[in-house]
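> sequence first, then the predicted structure, then my questions.
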Amino acid sequence: MKSKKISQPETEPVATLLQPCEPDALRWEMQQIQLAVTRRAYELFESRNSEHGHDWEDWFQAESELLRPVSTAVSESPNRFSIRVNVFGLGANELKVSIEPKKIAILGRKEMSSAPGGPPADFYPDQILRMIDISSEVDPAGAVVQLHSGVLKFELPKVATSARKAAGAGKA
């Protein structure tokens, strides 16, 4: 009698909700990566005998060595922004996001262990650092952030125009 392989129905990956963290807390963590990029850019500058005029090249090379490129798509309707960010390979536990009225910050670090004889895990350039500026104010409290099939999805309700005018009037 031959054994029969029972096929299981393919299931659609489930979206995972992410809770945004406090912007100040995330900025502190992001600063560590920014300092690493700065140090690497300076090392590149020194490796050329401190020859001036290549600062942007050094900076972009340092970023490319330490950070994974991230593609984003932004769409806007009269009452909301929808933003999609490709974070393929990173899980919900490896991502942190913060939402401010006109800015989104994303930090992602792939959890890896060092293999004997290989590069140290903290040097592996599989991390994301991305700031996205938003052209209109959004309500961070009403934001929905989901990770689904390697795409980080932000649904951000815009602050009502009358509420923006009232907030602006209070500042004057």
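Received, thanks. Numbers count the residues shown, from 1 in each chain.
> alpha carbons only: can I get stretch 41-49 in CSV?
Taking Å, rounded to 0.1, in the frame of the first residue of the first chain, the C-alpha atoms of stretch 41-49 are listed here in CSV:
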residue,chain,number,x,y,z
ALA,A,41,32.4,57.6,6.5
TYR,A,42,35.3,59.1,8.5
GLU,A,43,37.3,55.9,8.1
LEU,A,44,36.7,56.0,4.3
PHE,A,45,37.9,59.7,4.3
GLU,A,46,41.1,58.7,6.2
SER,A,47,41.7,55.8,3.9
ARG,A,48,42.1,58.3,1.0
ASN,A,49,44.8,60.2,3.0
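> what's in contact with that stretch?
51, 54, 55, 57, 58, 59, 61, 62 (CB atoms under 8 Å, 6 or more residues apart in numbering). For every residue, glycine as well, the C-beta is placed using N, CA and C.
> list the buried residues for the lengthiest helix in the chain?
Secondary structure of the chain per DSSP state H: the longest helix is helix 23-47. Buried residues in helix 23-47, counted by 16 or more other CB atoms under 10 Å: 23, 26, 30, 33, 36, 37, 40, 41, 44, 45.
> the helix or strand just after it: how far from the chain's middle?
Sequence-wise, the next helix or strand downstream of helix 23-47 (DSSP states H and E) is helix 55-66. When C-alpha coordinates are averaged (CA atoms, centre = their mean, to the nearest Å), helix 55-66 and its chain have centres 18 Å apart.
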